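Enquirer: Starting from these lines, generate the structure:
(chains A and B)
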Amino acid sequence: MQYYFLNNIWMVPVYPLIAAVIILICRSLDLYRSKEISMGLVVGSTFLGFLHAVAACFWLFAQDPAHTVFVEKNLEWLHAGPFTFSIGYLLDSMSVMMLVVVTFISMLIQIYTHGYMEKDPGYSKFYVYLALFNFSMLGLVLSTNLFQMYIFWELVGVCSYLLIGFWFTRPAAAKACVKAFLMNRVGDFGLLLGILGFLYCSMGWWQSYLSHNPGTSLLSFHAFALAAPHVLVVAGPGLFTLIAFLILMGPMAKSAQVPLHTWLPDAMEGPTPISALIHAATMVAAGIYLVGRVYPIFQVSPSATAIVAVVGALTAFIGATIALTQTDIKKALAYSTMSQLGFMMTAMGVGAFAAGLFHLFTHAFFKAMLFLCSGSVIHACEDEQDMRNMGGLWSKLPITAWTYLIGTIAISGLIWFSGFWSKDMILEGAKEYATPIFALLVLTAFMTAFYMFRTFFLTFTGSYRGSAHVHHESKVMVYPLVVLAVPSIVIGAMLSGVAPFEHWPVFAAYIQPPDVTPVVMGMLHGSTIAGHGAVHETVHHGAWISEIGLLSLGIGLAGVALAFLLYGPKPIMNLEQFKQKPVIASLNRLFSRKWYFDELYAGFVEKVYLVFAKASARFDSGSIDGLVNWTGRSVSSSGAALKELQTGRVQTYIAVIFYAILVLSLLFIYSLL
Amino acid sequence: MESFIPPLLMNFMVNNNVALINPEILILAVLITNLLLACSPLKKDQEFSWWLSLTGTGLALVSLGILFVNVYFPTLMDNQITIQQHGVMNVLQVDLFSWVIRTLLTLGTFFVLLLTRRYVEEKASDIPGEFYVVLMGALLGGMLMASAVDLVMLFVALETLGISSYILVGYLRGDLKSAEAALKYLLYGGASTAVLLFGLSLLYGVSGGNTQYAAIADQLQRQLAPFGHAMMPVVPVMLTMIMAGFAFKLSAAPFHMWTPDVYEGAPTPVTAFLSVVSKIAGFGAAIRLLYLLLTLFGQWANVLSVLAVLSMTIGNVVALKQQNVKRLLAYSTIAHVGYMLTAMVVFSLNGISSLLYYLMTYLFMNLGAFAVVIYFANLTGREDIQAFAGLVRKRPGLALMFTIFLLSLAGIPITAGFFAKFFLFQSVVEGGTNYIWLIVLGLLNSTISLYYYLNIVRLMVIAEPSDAVAALPAEPNSIQSISSLGVVMTICLLATLGLGFFANPAYDLSVQAMTQMAFKNVFQHIQVSAVPFPGGGH
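Expert: Residues are numbered from 1 along each chain as shown, chains lettered A, B, ... in the order given. Purely as a prediction, here's the structure:
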C-alpha cells in the first residue's frame, strides 16, 4: 500500500484536477444539484493526496541521511533546438514537507468552506477553483526544475486572481484581483528574466550536464549547487547579483515582500477560506519555497544573500508597524502574514535555511487557523470585519475564541507553542549574521505580540460594541479550527527534539541547504561564502530555552502586557489622547497610511509612467502607425489587385495552368544550367 | 473463418499482406452496400445510409487501431523494416507513414460525416445514399493514394478521389452555384490531370518502361548517373508537369485558381472535406512520389520554393479582402499549403516529419473551424464574416471554440498550430542559410494572416451583435443541445490543444514514420540532421 502511494506520488496534483473536471462537466450538464457531491469530490481528492504525503513522510523517515536523499523522475515534454524541457516530480525532504502542509491544510479548509460558502450561489464554482488551486500548488511543490515550477507558479497566480475576484461584483474585490495580478506580473517578469539570464550564462554547462546525467532535466533543482558557482564565474559577481535579484523578484511579489507587498492586504477581499489557504498558508509561502529550491544561487553570492536578508527584515518590520494600526481584523492578519513572511525571507538571507522553512511550516498551521477563526467571527457577526464593532465575543464564540488565543500565543512566540521554536531559530541565525537585522527582528517580535493580542482583546474581550446580531458558530466551521489547534500548539516542539519528544525526527536534520562549499572552494580558491545553514541543526537538543529564547520570550511577554494595558478589559489610558501626542501622531499616520506605498505607486504611474506613455503614444500614432498603416494599405490594395485575377472564368484559369507550367519549366531548365 | 476462404485465395492474401488494407476493404464494403441499398426496392432512408457509413468509417478507424497495435507499434522498436514486409500486391506500400495518413483521412471523413447529417437530409437528392456512396469512394481513393507505389495505382487512386470530389461539389443539383463550381472543378481538374498524366507517361518513358517506384528509382539511377541532369531537357519538363498535377490537388499557387470558387459553391461539408481530407491525401501521394524524384534530380528546390512563396503570399494577401467565411478559409488553405511546401523545399528528414505533424494539426484545427461555420450557418443561414459580429454574447462557447481554432490557424502559442509552424520553420532553419529568405517570407506571411484571423475574433468579441446574431434564441442549456456538430467541435478542440501540449509524441511518431518510409535509401545519401526520438539508434 505504501508503495502504491509512493510510486504514484505524481498523482497527487492530478486528483484535484480530475475532481475539478468532473464537477465542471457534471455541473454544466446539470447532472447533479447536491452541494455535498462537489465538496465530497474535492475533499476526497485532497485526502487521497494527503495519504500520498503521509506515505512519503514515512519513506523519508526511513532514509539515512534524509536531507540529501531524493527521487527525481522526468518526462520529456518539449524539444526546442538542442534543449529538452521536462516535467516530472521530485521527492525530497522539502517537497515532502510542503506536500504535508498543503494537503493537510487544504483538506481542512475545504471542509470549512462548506460552512462558509453554503449560501453562496457560486458554491460549486468555488470548489472547482479550490481544486484547480490545489492542482497548481501541488504541481509547483513537486516540480523538478525551474521551468516546470515557473509554469505552475503562473497557474497558482491565475487561481489566486480568480479567487480574490470571486465576488467580482464588488468593486473592491474586482480592483484587488487586478492589483494582485499586476503586482505579480512585475515580480514574475523579473523571475522570467532571471531564469533566462541564468540559463544564458550556463547553456553549455547544462548541455554537458544533461549528457552526463540522463534522466535529469534542464534547470533541475538538484543541479543548482553545481550550476550556480559556474554561473558566478561566467557572469561575474555584478551580473550574477543582478540575476539573483531578478530571480528574487518572483518570490518578492508572491510572498508579499517590500516593495511588492501591497497586493496582499487588498487580496483579503476574497472569501475568508481563500485568505486562509492561499494568502496565508500555502501560495504566499511558495516564494520562500522557491528561494529554498534555488538556494545555491544565494549561497554563493554574499551580496545576493544580503539583499534577501535586508528585504526580509524590512518586510517583517514594515508589516508589523502597519498591523499595529489596522482595525479590520482580516487586514491586521494580512499584515501579520506579510511580517511573518518577512521573518522567513530574512532567515533564508541570513543563512538559517532550516529555520526559514521551519517557520513556514509552523506558520502555515497557526496562521490558517487564525484566518479561519476570523472567518468564523465575520460569519457570526453578519459580515462585519471592523474590530471596533466587535468585542466580548468570547461568550458567544467560545471555541473560536480559544483557538484564536492559541494561534495568537503561537504567532507571538510565547513559550512552547509552535511559533516559539521556529522564530527562535530565526533570531539566532540573524544574531550571527548582523546586529541591525537582529535588532529589527527583535523589535518586530515585540510588535507582533502586541498587535496580535490587541486584535484578540478587541475582538473577544470587553463588551460588544457592534449592532449586528451575533450568531452561534457553525459546527462544520469549528471542527477544522480544533484540528488545526493541535499542530499549532505542539508541532514546533515535536520537531525540535526537546522533551518529551526527544526521539522524534528533528526538522533541521531533514531540511538542510545543498552543500556548495566543495564546488565553490574548488572554483574560487577560498573566498568567503555566506550562509552555512547547517550550523543550527541541533540548537534545541536537550535544552528547553537558550539565551535567545529567553530574550524572545521576554519581549513577547512585554508585548502581551502592553496590549493588555492598552486594549484589555481595563485600559490604563485614553487611546485617542495618546494618539494625539506629536511623535505618536506622525508615526500613527505613517503606519495607518501604510508607509505611503500606494500613494507612491499612484504618483509614479501618474507623474512618470503616464507622461512617458503619452509621449510614446504620440510618437507611435505619428510615425509607427503611419508606417504600419501604409504597409497595411499596400498589402491590402495588392490583395484587391490580386483578387481581380480571380475572374471566375474557367478559360482564364486553364490558361494560367499552361502558362505557369511553361514559366516553371523554363525556370527549372535555367536553374539546371 | 479460414474454412470459408478457398486455400488459394488465402495463400494469396497472406503472401500479399492483404490484411494491411483491411480498412480499405471495409470502406469498399460500405460503399457497395450503400450502392445496392440505393438500387434495391427496399425502403429509401437517408438516415440509414448515414448510420451505415458512420459505422463503417468508425470500424475502419478501429481496424486501423488494431493494425497499429499489431503491425506498426512493434516496428517502432525496430528499425530494420524492409519493403517486402509492408508491400501489398506490389502496388501499395502500407507502412507507418501510410498508416498515419490513412488514419488522418478516415478520421477526417468521420468528422465530415458527422457534419453532413443535417445538411444532406435537408437538401437530399432523389437518390438517398448517393452522397455517402460518393463520399466513401473519395475516401477510398485518398487512402489508396497514401500507399500507392506504382504509377498506375497512383493515377487510379488520384482519379477515384478526383471524380468523387467533382460529384460531391455538384451535389446540390438545384443550386446554380454548386453546379457552376462542379463544372469549373471538372474542367480545371481535367486539364490538370491531362498534364499530370503527360508527366507520368514521360517518367514511364524515361525510366525505361517501369511503373513501380522502386524499379523507377533503380533504373533512373543507373541510366542518368553517367550523363548528369543537363543532358536531358525532357526531365525538367516532366518534373514540372508532375508537380503541376499535384499542385492542383493541393491548390498551390499558381494552380489554385479553382479553389475559392469551388469552396464557395460546394456544400459546406464538402468544402471541409476538400480542404482537409483531399489535401492530406494529396500530400501523402506527393511526399512519396516527389521525394523519389527529388532525390534523383536535385536542383528543383528553386521551383518548389516558387510554388511555396506564391501560395503563401497569394493565399494570405487575397484572404485580407474576403467577405465570405468559406472563401476566406479557402485562401487560408492555400496559404497553409504554402507553409507546408517550404518543408518540401528543404528536403530533410525533419522537414517532412514536421510536414506530417503539420497535417495532423491542420486536420483538427481546420475541420473545427469548418464545424463552427456549418453550425453557425445552420443557426442563421449566413456565411459572411460580418454575421459573426457579437457572437460571444449569444453563444460564448461557440465563439470561444472558433477563437481557439482561428488562433491555432494563425499559429499562436500553446495551440497545436504554433508547434506545427515552429517545427516546420525550425526544420527550414536546419536546412541551411540558403533558405533563410523562405523563413523570413513565411514569418511575414504569418503576420499578415494574423490580421484576417484576429479580425473575426475581434468581430465576435468586441463588435455589437449583427442582426443575425441578435436574432438568435437564448442558448439551450441541456444535454439535448449536444449535436453531432458539437461532438466534432469538442474533439477538434481537445485535439488542437492536446496536440500542442503533447507535441513531441506526435512529432516523434512523424519522424518514425518518415524514417521507416520504404525509401530508406533515399535518405541515406542526404544530409539528415539528428533524429530526435528516444531509442532509435541507426
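Enquirer: Does the residue in the stretch 301-450 of chain A positioned nearest to chain B belong to a helix, a strand or coil?
Expert: The stretch 301-450 of chain A approaches chain B most closely through residue A:383 (31.5 Å), counting by CB to the nearest CB. C-betas here are computed from N, CA, C, even on glycine. Assigned state for residue A:383: coil (three-state reduction, DSSP: H, G, I helix; E, B strand; the rest coil).
Enquirer: Now it: phi and psi?
Expert: phi 60, psi 20 (degrees, to the nearest 10).
Enquirer: chain center to stretch B:453-473: distance?
Expert: 30 Å (CA atoms, centre = their mean, to the nearest Å).
Enquirer: Leaving out sequence neighbours, find the closest residue to residue B:374.
Expert: residue B:268 (5.0 Å; CB to CB, 6 or more residues apart in numbering or on different chains).
Enquirer: just for the stretch 101-250 of chain B, where's the confidence low?
Expert: Low-confidence regions of the stretch 101-250 of chain B, defined here as pLDDT under 70, cover residues B:119-128, B:224-231.
Enquirer: Give me every residue in it lying close to chain A.
Expert: Selection of the stretch 101-250 of chain B residues close to chain A by CB under 8 Å from any CB of the partner chain yields B:183-184, B:187-188, B:191-192, B:195, B:229-230, B:233, B:236-237, B:239-241, B:243-244, B:248.
Enquirer: Which among these count as buried?
Expert: Neighbour-count burial within those applies to B:184, B:187-188, B:191-192, B:195, B:229, B:236-237, B:239-241, B:243-244, B:248; the criterion is 16 or more other CB atoms under 10 Å in any protein chain shown.
Enquirer: remind me which residues of chain A are low pLDDT?
Expert: In the predicted model of chain A, residues A:1, A:80-82, A:499, A:517-545, A:673 satisfy pLDDT under 70.
Enquirer: Where do the domain boundaries of it fall?
Expert: Taking automatic domain parsing as the domain assignment, the ranges for chain A are A:354-573, A:599-672.
Enquirer: Of those domains, which stretch is the most buried?
Expert: Comparing the domains of chain A by mean neighbour count (mean count of other CB atoms under 10 Å in any protein chain shown), domain A:354-573 ranks first with a mean of 20.
Enquirer: which residue ranges form the strands in chain A?
Expert: For chain A, the strands defined by DSSP state E occupy A:71-80, A:83-91.
Enquirer: Make TSV from these and add distance to chain B to it.
Expert: Formatted as TSV, those follow (distance: least, CB to the nearest CB, whole Å):
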stretch	distance to chain B
strand A:71-80	6
strand A:83-91	9
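Enquirer: Out of those, which gets nearest to residue B:252?
Expert: strand A:71-80 (29.2 Å; CB to CB).
Enquirer: Does that closest one pack against any helices or strands, and if so which?
Expert: Packed against strand A:71-80 by the contact rule (3 or more CB pairs under 8 Å, 6 or more residues apart in numbering or on different chains; DSSP states H and E) you find strand A:83-91, helix B:503-516.
Enquirer: can you put the ones you listed in JSON lines and add mean neighbour count and distance to residue B:68?
Expert: Converted to JSON lines, the helices and strands packed on strand A:71-80 look like this (neighbours: other CB atoms under 10 Å in any protein chain shown; distance: least, CB to CB, whole Å):
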{"stretch": "strand A:83-91", "mean neighbour count": "20", "distance to residue B:68": "26"}
{"stretch": "helix B:503-516", "mean neighbour count": "21", "distance to residue B:68": "10"}
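Enquirer: of all the ones you listed, which lies closest to residue A:312?
Expert: Sorting the helices and strands packed on strand A:71-80 by CB to CB, the top spot, which is the nearest, belongs to strand A:83-91 at 25.3 Å.
Enquirer: Need the contact partners of the closest one.
Expert: For strand A:83-91, contacts defined as CB atoms under 8 Å, 6 or more residues apart in numbering or on different chains pick out A:9-10, A:56, A:59, A:70-79, A:142-145, A:147-148, A:206, A:210, A:217-218, A:221-222.
Enquirer: what about residue B:381, neighbour count?
Expert: 9 (other CB atoms under 10 Å in any protein chain shown).
Enquirer: The one 4 residues further on now?
Expert: Here the count is done by other CB under 10 Å, and residue B:385 has 19 residues near it.
Enquirer: how near is it to residue A:641?
Expert: Using CB to CB, to the nearest Å, residue B:385 is found at 21 Å from residue A:641.
Enquirer: ok, now residue B:410?
Expert: 24 Å.
Enquirer: just residue A:69 next, same as before
Expert: Distance of residue A:69 to residue A:641, given as CB to CB: 70 Å.
Enquirer: Give the closest residue to residue 331 in space, chain neighbours not counted.
Expert: I went with chain A, as the question did not name one. Once flanking residues are discounted, residue A:331 sits nearest to residue A:265: 5.3 Å by CB to CB, 6+ apart.
Enquirer: meant chain B, my bad for not saying
Expert: residue B:319 (3.7 Å).
Enquirer: Residue B:412 now?
Expert: Counting by CB to CB, 6+ apart, residue B:418 is the residue found nearest to residue B:412 once chain neighbours are left out, at 5.9 Å.
Enquirer: Tell me the confidence at the one you found?
Expert: If you check residue B:418, the pLDDT there is 90.
Enquirer: same question, the one 3 residues further on
Expert: At residue B:421, the model reports a pLDDT of 91.
Enquirer: Touching, it and residue B:447? I think so.
Expert: No. The pair residue B:421 and residue B:447 fails to qualify as a contact (CB atoms under 8 Å) at a distance of 11.8 Å.
Enquirer: Among those two, which residue is more densely surrounded?
Expert: Legend: neighbour count by other CB under 10 Å for residue B:421 and residue B:447, higher for residue B:421 (23 against 14).
Enquirer: Which residue would you name as the spatial centre of the chain?
Expert: I went with chain A, as the question did not name one. residue A:284 (2.1 Å; CA atoms, centre = their mean).
Enquirer: my question was about chain B
Expert: Centre of chain B computed as the mean C-alpha position; nearest residue by CA atoms, centre = their mean is residue B:280, 1.6 Å away.
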